[in-house]
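Enquirer: Attaching a predicted model along with its sequence, questions to come.
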Amino acid sequence: MIKVRFAPSPTGFLHIGGLRTALYNYLFARHNNGIFLLRIEDTDRSRFVEGAAEGLVDILKWAGLDFDEGPLFQSDRLDIYKERVDFLLKNGFAYRCFCSADRLDGMRKAQIAKKQPPKYDGLCKSLSPEESDKLAKEKPFTVRMKMPQEEIIFDDAIRGTVKFHGSLIDDQVILKSDGYPTYHLANVVDDRMMGITHVIRGEEWLSSTPKHIILYRYFGWNPPVFAHLPLLLNPDKSKLSKRQGDVAVESYKEKGYLPEAVLNYVLLLGWATEDSQQIFSKEEMIAKFSIERCGKSGAIFDIQKLIWMNGEYIRKLPIEELTRRAIPFIEKAGFEASDIGYLQKCVFLEQEKIKLLSDVPHLIDFFLKDDIIYDKNALDKVVKKPGVFEILNDIAVVYSELKEFTEQSTETVTREYAIKKSLKTAQIFHPVRVAVSGRTEGPSLFHMLELLGRDRVLKRVNYLIGEING
């Protein structure tokens, strides 16, 4: 049975790269009828953020990545890690380190100054078991694993054969002075005990994998299959970071991106089909995903492509569903959202222009409020032209005399008025649009007039007439 895990730390938001890792693990599990586990790696108490674990669960649920097991918390398993550390100490695979933070900091600074790779100098490795036991009663300590001075070779499902030499790798701390394990120990122990068969994670963990391989060897365990995903990059090829834009998945949710669009986009950041398909349903993602199609090179995060893709998904949504998803944004903008049927008609008229759900309130606000604000450029460009005062006066009369105020009837009488006055239709359409919406662009004019209704249309036209008249 294939079993994979997503194992974030509760240190704040979920990075967009973390979402990709979660997605790839989820798809791999579903494609192979396996198990997808969520593990919260909360052993770094200095970086722990209250409520972050709950936030991680919520954002994964928003994205539709349902997990089969979890969330499991490493902080509930400290006795298990302690027992494993004792095993390593007893068998000579690890040793206690009593060096102070000041000594370690000075040592690393000196190594960097000499252009040497910073690593622990092994001072405490030479302590006898008796000396170590005695000092442990008097001083705080960490526990370090012993790295063998040999070449460490392993196979990566994406990168092929990978080699590191142990002489270049630090004797890693595996148990901190506060009694909590580091990532390196805890993830190995948990992956083994939780039955993880494949570890799919970011490239940043590739250099740590030799340490994990050695720990598996020390414990007498077979390691899982490793697959290290390529980095996500900014357009300038630097590593994707919050300094150059949004990297928090929560931010994309707040801005009105659809979860299915975000998942579709991150799917393509390091993976592709042979025919370069761009848009995928969730079922297609599961059916077509394979580790073999993942690339090694860094993937450029292009926000404009994500916006485009989000718009594509929005245009495919049934209007009832699109309106439902837009309501929180409409209410946040201060508008009443109780008349769902009316809102659906408003959203329908602007659906082709919506790129983000957060666009909706601005696009339809003139349908939802009594008083509108006229765009200065619209007034300068349209309303201040000669003859507009007379046109609006006449149109107000024409509209007031209609028996039915519909899209068809308003268009018919407006075009008839243009012919009667020997005017181009644009000379009438533009002033009317500005009068009723305050802007020069928007949905189909006559559909807009019908939805607004005769009373509001006449009120706004007459208001603008009064403004023109001074």
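Expert: That came through, no problem.
Enquirer: Can you spell out the domain ranges of the protein, please?
Expert: According to automatic domain parsing, the chain comprises the domains 3-72+181-233, 79-175, 317-368, 376-468.
Enquirer: For F301, find the nearest of these.
Expert: domain 3-72+181-233 (5.2 Å; Cβ to Cβ). (C-beta placed from N, C-alpha, C; glycine too.)
Enquirer: Distance across that closest one, terminal residue to terminal residue?
Expert: End-to-end distance for domain 3-72+181-233: 29 Å, by Cα to Cα, to the nearest Å.
Enquirer: any idea of the mean pLDDT for it?
Expert: The average pLDDT for domain 3-72+181-233 rounds to 96.
Enquirer: Ok, stretch 145-153 next?
Expert: pLDDT averaged over stretch 145-153 gives 96.
Enquirer: Other residues contacting it?
Expert: With contacts defined as Cβ atoms under 8 Å, 6 or more residues apart in numbering, stretch 145-153 is touched by 88, 92-95, 125, 161-167, 169-172, 174, 184-185, 210-211, 213-215, 218.
Enquirer: Now, of the residues you listed, which are buried?
Expert: 88, 93-95, 162, 164, 166, 169, 171-172, 174, 184-185, 210-211, 213-215, 218 (16 or more other Cβ atoms under 10 Å).
Enquirer: re the thing from before, show me the contacts of stretch 145-153 that map onto strands.
Expert: Among these, DSSP state E puts A94, Y95, T161, V162, K163, F164, H165, I174 in strands.
Enquirer: Please list all residues in contact with the residue lying closest to the first one once chain neighbours are set aside.
Expert: Distances taken as Cβ to Cβ, 6 or more residues apart in numbering put L88 closest to A94, at 3.8 Å, once the chain neighbours are dropped. Under the criterion of Cβ under 8 Å, 6+ apart, the neighbours of L88 are A94, V143, M145, I174, Y218.
Enquirer: if I look at L88, how far off is I214?
Expert: The spacing between L88 and I214, counted by Cβ to Cβ, to the nearest Å, is 11 Å.
Enquirer: Do a quick rundown of the helices in the stretch 351-470 of the chain.
Expert: Secondary structure of the stretch 351-470 of the chain by DSSP state H, counting those that start in this stretch: the helices cover 360-368, 376-378, 388-400, 407-420, 425-437, 445-452, 454-468.
Enquirer: Any buried residues in the second one, and which?
Expert: Of the residues in helix 376-378, those with enough neighbours to count as buried (16+ other Cβ under 10 Å) are A378.
Enquirer: nearest to R454, of the ones in strands among the contacts of stretch 145-153?
Expert: For those, the closest approach to R454 (Cβ to Cβ) belongs to V162, at 73.0 Å.
Enquirer: can you pull the contacts of the closest one?
Expert: Here V162 is in contact with I153, F154, D155, D156, L206, T209 (criterion: Cβ under 8 Å, 6+ apart).
Enquirer: Any of these buried? List them.
Expert: F154, D156, L206, T209.
Enquirer: Pipe those residues into CSV and attach secondary structure and distance to Q74 per row.
Expert: Converted to CSV, the buried ones among the contacts of V162 look like this (DSSP: H, G, I helix; E, B strand; the rest coil; distance: Cβ to Cβ, whole Å):
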residue, secondary structure, distance to Q74
F154, strand, 24
D156, strand, 25
L206, helix, 22
T209, helix, 19
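Enquirer: State the pair within the residues you listed that is farthest apart.
Expert: The largest separation in the buried ones among the contacts of V162, counting by Cβ to Cβ, is between F154 and L206 at 10.1 Å.
Enquirer: show me what contacts T161?
Expert: Here T161 is in contact with I153, F154, D155 (criterion: Cβ under 8 Å, 6+ apart).
Enquirer: what ranges do the strands span in the stretch 101-250 of the chain?
Expert: Along the stretch 101-250 of the chain, the stretches classed as strands by DSSP state E, counting those that start in this stretch are 142-145, 151-156, 160-165, 173-175, 198-202, 225-229, 232-233.
Enquirer: And these: which comes nearest P117?
Expert: strand 160-165 (11.5 Å).
Enquirer: Now do that closest one against strand 151-156, angle only.
Expert: Strand 160-165 runs at 160 degrees relative to strand 151-156, counting by axes from the mean of the first three to the mean of the last three Cα atoms, to 10 degrees.
Enquirer: Tell me which strands strand 160-165 pairs with, and in which orientation.
Expert: strand 151-156 (antiparallel) (DSSP bridges).
Enquirer: Off-centre distance for the strand it pairs with?
Expert: Chain-centre distance of strand 151-156: 32 Å, with Cα atoms, centre = their mean, to the nearest Å.
Enquirer: same thing with stretch 249-268?
Expert: Averaging C-alpha positions (Cα atoms, centre = their mean) puts stretch 249-268 5 Å from its chain's average.
Enquirer: still on that earlier bit, can you put the contacts of T161 in JSON lines and add distance to K420?
Expert: What follows is the contacts of T161, written out as JSON lines (distance: Cβ to Cβ, whole Å):
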{"residue": "I153", "distance to K420": "88"}
{"residue": "F154", "distance to K420": "84"}
{"residue": "D155", "distance to K420": "82"}
